[in-house]
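Undergrad: fold the following and give me the result.
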Amino acid sequence: ILFSQRFRRFRNRRVLNPGHAFAFQVRALLRHEHFDWVHSLSYHDAFGAALAKSDGGKFRLVMNHVGIPIRKYFRRIPHDYAVFRRALRGADAHVVTSTFAQTMLERQFGYHARRLPIPVHLERFPCKEPSREQPVTLLFVGDANQHRKGAVPAALAFNAIKKSHPDAILQFSGH
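TA: Below is the predicted model of the structure:
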């Protein structure tokens, strides 16, 4: 099922954006079609599904929290906090990908989630020995503005690596 995107040219995306429009498209679909399970990947589509459930939808809703559920993230778009809360109430189950996200959902919103780690088979991606011709390269992936991500400790630890590998490179990916 493919929906055309609505509100692409809306002037104030903080008030109404394509995610909000999509929620109402989801609601309309789920009111008229039969599904046993609906698995949402954002709170906007979970909101639309929760509204459809309140309209009599007979499906079970799994709300997948792709990011980390923290109240302060809703300060820029306050009405999204109400959308998020309504989606939480309408979900039959919650899924997160980390222990930290699980803890934050319980602490800040009072909902329990099952933790499903990202399905990567590490044995299929073995670490290889670095080539002697190339410098050691380390990649930090995450939002370096978030203290808990550890960008500062990573940079400090890199100083120790530079002593034994003077050509080593530290790269950052993310904010």
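
Undergrad: helices of this structure, start to end?
TA: For the chain, the helices defined by DSSP state H occupy 18-32, 43-54, 78-90, 99-109, 151-164.

Undergrad: need the winner for burial among these.
TA: Scoring the helices of the chain by mean neighbour count under mean count of other C-beta atoms under 10 Å gives helix 43-54 as the most buried, with a mean of 24. Where you see a C-beta, it was placed from the backbone N, CA and C, and this is true even at glycine.

Undergrad: wait, doesn't Y43 sit right on Y81?
TA: No. Y43 is beyond contact range of Y81, at 9.9 Å (criterion: C-beta atoms under 8 Å).

Undergrad: ok so, going back, any chance of TSV for the helices of the chain, columns distance to H65 and mean pLDDT?
TA: Output for these, formatted as TSV (distance: least, C-beta to C-beta, whole Å; pLDDT from 0 to 100):
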stretch	distance to H65	mean pLDDT
helix 18-32	15	89
helix 43-54	8	95
helix 78-90	9	93
helix 99-109	6	95
helix 151-164	23	90
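
Undergrad: any idea of the mean pLDDT for stretch 128-138?
TA: Stretch 128-138 carries an average pLDDT of 76.

Undergrad: just the CA coordinates for it, please, in CSV.
TA: Only the C-alpha atoms of stretch 128-138 are listed here, as CSV (Å, rounded to 0.1, in the frame of the first residue of the first chain):
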residue,chain,number,x,y,z
LYS,A,128,39.9,-7.8,9.8
GLU,A,129,43.5,-7.1,10.6
PRO,A,130,44.4,-3.6,9.5
SER,A,131,46.8,-3.3,6.6
ARG,A,132,50.3,-2.2,7.6
GLU,A,133,50.3,0.4,4.8
GLN,A,134,47.1,2.1,6.0
PRO,A,135,46.8,4.0,9.3
VAL,A,136,44.4,2.7,12.0
THR,A,137,41.1,4.4,11.5
LEU,A,138,38.4,4.5,14.3
